[in-house]
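**Q** just the structure for this:
(chains A and B)
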Amino acid sequence: MFIRKDDKISTSQAAIYLNNSILGAGILAFPRFGVQSVGTPDVWMSLLLSGMIAMMSVLIMVKLSQQFPGRTVFQYAKKIAGSPIGAVIGFIMVMYFMLIAGYELRVFAEVTLFYLLEGTPVWAIVIPFIWVATYLVHGGINSIARLYQIIIPASILILILSFGLSVRLFDINHLRPVLSEGVMPVLSGLKSMMLLFAGCEMTMVLVAHMDDPKQAAKAMVYGTSLPLILYLITIIVVIGGMSADSVMRSTWPTLDLLRSFETAGLLLERFEFPFIVIWMMQLFCNFCSFYYGASLGITQLFGAKLRPVILGITPLLYIIALMPKRINDLFGMGTFIGFTGVGLFLVLPILLSAVYIIRRKGLKQNVQ
Amino acid sequence: MVTHIFLQHVLGLIPMWSTILSYFPKGTVFFGAFMTLVIPLLLMRVIRLLRNFIRGSGRSLSGKGQAGFKEPQGGQGEGHAAVQHFYGNFDDDLNALKSAIGGNSDVHFREFVVAGANLRAVLVYVEGMQTEDQINKHVMKTLMKDSADEFKEALKATKPYVKNGLGAFIKKRILPVSVIFDVHNATELKQAILRGYTALMVEGMTEAILVDTPNNKTRTISEPISETLLRGPRLGFTEVLTENTAMLRQHGRNESLEIKKFEVGTRAKKSLALVYMRDIVNADLLAEVEKRLQTVDMDFIIESGYIEQLIEDDELSPFQQTQNTERPDRVLSAIMEGRIAILLDGTPFALIVPVTFSMLLQSPEDYYERWLPGTLLRCLRFFAAFLALTAPALYISFISFHPGLIPTELVISIINARQGVPFPSLIEVLILEISIEILREAGIRLPQPIGPAMGIVGGLIIGDAAVNAGIVSPFLVIVVSVTAISSFSIPMYSAGITLRILRFVGMIFASVLGILGTVLFLLLVCSHLVKLKSFGVPYLTPVTPFRFNGWKDLFLRAPMRLMYQRPDLMKPRDSTRKRRS
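**A** Modelled structure (predicted):
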């Protein structure tokens, strides 16, 4: 067929989609959470460990999804756990996707207000943002994935470039001593570092949309390792550049690092500007991922049509975004989302898989 | 009131509840939420109405039957209700013809007598479209003088040819003319004469003969003005379809080059040719193009722009979905990639479908020069396109919203220069941008000798005076002129117009939300581009969907030896350009 009517995405698009679902607001603030919970500069170890755990759980999700070709978690949860429980699971996931979308939106607004448009009302930033996202999401998962393919090379380039320029501040001693207080701080940091990988539940939606679901494991592992690598670079550069102590006192440590040096001779003196611009786009992607996920979930749970739902949930997203009253509420919300996410991407797939295996192998039921 | 106090009291007992209540969104938030929903809803409704309105009117027309488009090979006039047959009698036929088209002053009837046979004959032609020389020398002289003996002999030998074989006899033995057509009914004869053929009718003949092809008015082949190159063939299409197809045949000598002709236009007919490589083009694509051409229904198609607008995917998109070109080399290289060219009689502009965004920024020269300059020039063009799209928007957002983001010394000098300017930056930019656009538009219409002079007056003098008068800042003059020059560096004129339109949209976005507006504008444009398709091919291929092969010909123009594959976005039947040894 020359003209395609199906809304499927290729393997690389699926990987990038997952990457953009994970890589969101976290990168701006997470070095602080990391340092706060670990207490030593060994944050990168917790990060690495939690990345590995996330990847394992992604693999479980892939395996589970592959048993139900062409179906998303909203559909197969009902098959596995029965209609009512499945519906509840689906509903929780939809709520979670909407919360996360609203959260990203608010972080976006806060960063923009703080660095670029001081004094602008929040709604003036949030509403146009939602509108543009609605236009994109209206085009289906294919359009979204294509936009990601345009943006991700630029984001990675700018990210690497900005961090590359901050190398002059880098001091390896800020990262030492390694494991000064043993392994325990590293393990206690796992909790907060896992939050960074919230968003990888998207796997359970993505596999159903892939051209070639057999490649899903590969795509999803790539999709998880890219953000892991970027997070690792970030944490090493930020802690190495600012030292653990000052990271702890900064609201947006990554941006503060980029603000703390000037590059003479370039067109721009400070590099936080291109970084913010590209991160606006990255947050937009992240928002669209969950926006689409939530719309798709509602569609499949209630048997509605996708396009009206996409329009219909915009007010909800707006209200969620405006709910936190101050920045600490926002971070609280982020932590809450993170824990829900960890529950969803660690516990849910394992539970579902267990029930599935018991019903298939133990009770010899036909679960399709 | 009482209930209110009571509620407060009861609810206050639960400390959690009041905290939750405090997070409950206020009325203004609901209003915002409402607006979030309603405005896109309205916009979508308007767009849908607009699209239905455009499409709907077109569809009702094409429902009447596909009269506008037919294959001339198959359509030998059958199906026409009013086919007039010849009476078989010379006088009657001639009179019928005279009454039908004799009223036109430019239709001439030259009656004469065939020597040797004493048969009456008539030549009918439209003034100015006959080849005088050919008719005089080869038709009239032959029939009136040279063939007298032959006729006499034939008359002596056999009689019956007069009844049924006269036409064949004349064609075979008498007329030394290579291109001859038979016409068997009066309707067709009328059309042929008006199209410029010269018709011969001889007493006793059951058909008419077209002895001379129309001598169409043409101009000489010249270099295309809209797409000039330093290096490359200095060859452009002309207004004559046959000449254009001949040009393609001449330069693309290959037996699988297929040229299919159709007729378009319900009232005034025009030929249209589809050109493609039979063994490369994707069959589905070809079928799709033919299907869309069948919906073309208009009484007169003047230029290929009509076709373009009638077959494109999205009428509301600012981006063009077919490429137009006057260059045969461009058409040939496109069909070698598996694309399809649409040529129309009467215009030198051919259409190439499907088109992708990167094609609009490519110039044939990229391939004719060596790969390093080709690559650099191409990157330069991408950069220029970006500037042409966003430079004024960036200026507005930096000056009005984020002066802190540019180096301090630069800010100081810009602010100093802007000191006397009484307008906000948007108005300032608009003043200069609009004057430049007017200047450009005027420049096209100005007579050749005045053009450059006006350019100097408009550009230099007005610009300088505007700065001196304190209406605009000198820094802005730089920005606007760089933008204008950048938009000239785009090889496709129509793509340049698109960027010009979008630039103004970007400026408005920037003036509302600063750099955030610019980012949202870029995201909007990208969102639109990823949705856009040209004949089923995503507009942004090979960037997305990602095609590695395509990247060799995007920012980079890879060395020729590496370009052995056709772009796979076209899904061609034969994907390799050369056999690799």
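
**Q** residue ranges of the helices in the stretch 151-300 of chain A, please?
**A** Taking DSSP state H, counting those that start in this stretch, the helices of the stretch 151-300 of chain A run over residues A:184-194, A:203-206, A:216-248, A:253-259, A:272-302.

**Q** domain assignment for chain B?
**A** Using automatic domain parsing, the domains assigned to chain B come out as B:90-212, B:241-355, B:367-538.

**Q** can you redo these as TSV with mean neighbour count?
**A** Where C-beta positions appear, they are placed from N, C-alpha and C, glycine not excepted. Shown next, in TSV, are these (neighbours: other C-beta atoms under 10 Å in any protein chain shown):
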stretch	mean neighbour count
domain B:90-212	17
domain B:241-355	19
domain B:367-538	18
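
**Q** how about CSV for these, with mean pLDDT and distance to residue A:128 added?
**A** Listed next are the domains of chain B as CSV, based on pLDDT from 0 to 100; distance: least, C-beta to C-beta, whole Å:
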stretch, mean pLDDT, distance to residue A:128
domain B:90-212, 82, 58
domain B:241-355, 90, 19
domain B:367-538, 88, 6
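
**Q** my guess is residue A:206 contacts residue A:18. True?
**A** Yes - between residue A:206 and residue A:18 there is a contact at 6.1 Å, judged by C-beta atoms under 8 Å.

**Q** mutual contacts of the two, please.
**A** A:219-220 (C-beta atoms under 8 Å, 6 or more residues apart in numbering or on different chains).

**Q** ok so, going back, pick the most deeply packed of the helices of the stretch 151-300 of chain A.
**A** Between the helices of the stretch 151-300 of chain A, helix A:203-206 has the highest mean count of neighbours, a mean of 28, where neighbours are mean count of other C-beta atoms under 10 Å in any protein chain shown.

**Q** for residue B:253, find the nearest of the helices of the stretch 151-300 of chain A.
**A** helix A:216-248 (46.3 Å; C-beta to C-beta).

**Q** residue A:47: what's it in contact with?
**A** With C-beta under 8 Å, 6+ apart, residue A:47 has these contacts: A:34, A:189, A:193, A:196, A:228, A:231-232, A:235.

**Q** before we move on, back to that, can I get the helices of the stretch 151-300 of chain A in a markdown table with distance to residue A:364?
**A** Formatted as a markdown table, these follow (distance: least, C-beta to C-beta, whole Å):
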| stretch | distance to residue A:364 |
| --- | --- |
| helix A:184-194 | 36 |
| helix A:203-206 | 25 |
| helix A:216-248 | 27 |
| helix A:253-259 | 53 |
| helix A:272-302 | 28 |
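
**Q** quick one: which of the ones you listed is nearest residue A:99?
**A** Among those, helix A:272-302 comes nearest to residue A:99, with 8.6 Å by C-beta to C-beta.

**Q** what residues sit buried inside stretch B:19-38?
**A** For stretch B:19-38, the neighbour count (16 or more other C-beta atoms under 10 Å in any protein chain shown) marks B:29, B:32-33, B:35-37 as buried.

**Q** ok, those residues vs residue B:491, which is closest?
**A** Nearest to residue B:491 among those is residue B:36, at 41.3 Å by C-beta to C-beta.

**Q** for residue B:487, give its distance to chain A.
**A** For residue B:487, the distance to chain A equals 21 Å [C-beta to the nearest C-beta, to the nearest Å].

**Q** just confirm that residue is within a helix.
**A** Yes - applying DSSP: H, G, I helix; E, B strand; the rest coil, one finds residue B:487 inside a helix.

**Q** got the residues of the stretch 1-150 of chain A near chain B?
**A** Residues of the stretch 1-150 of chain A found near chain B (C-beta under 8 Å from any C-beta of the partner chain) are A:1-4, A:10, A:12-13, A:112, A:116-117, A:120, A:123-132, A:134-136, A:138-139, A:143, A:145-147, A:149-150.

**Q** now which of those would you call buried?
**A** For those, a burial check counting by 16+ other C-beta under 10 Å picks out A:2, A:10, A:12-13, A:112, A:116-117, A:120, A:123-132, A:134-136, A:138-139, A:143, A:145-147, A:149-150.

**Q** may I have stretch A:57-71 as CSV, with CA atoms only?
**A** Output in CSV follows, covering the C-alpha atoms of stretch A:57-71 (Å, rounded to 0.1, in the frame of the first residue of the first chain):
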residue,chain,number,x,y,z
SER,A,57,10.0,-4.0,34.4
VAL,A,58,9.8,-2.6,30.8
LEU,A,59,10.7,-6.0,29.5
ILE,A,60,8.0,-7.7,31.6
MET,A,61,5.5,-5.2,30.2
VAL,A,62,6.7,-5.9,26.7
LYS,A,63,6.3,-9.7,27.2
LEU,A,64,2.8,-9.2,28.7
SER,A,65,1.7,-6.9,25.9
GLN,A,66,3.0,-9.2,23.2
GLN,A,67,0.5,-11.8,24.4
PHE,A,68,-2.3,-9.5,23.3
PRO,A,69,-1.3,-8.2,19.9
GLY,A,70,-2.9,-4.9,18.9
ARG,A,71,-4.4,-4.4,22.3
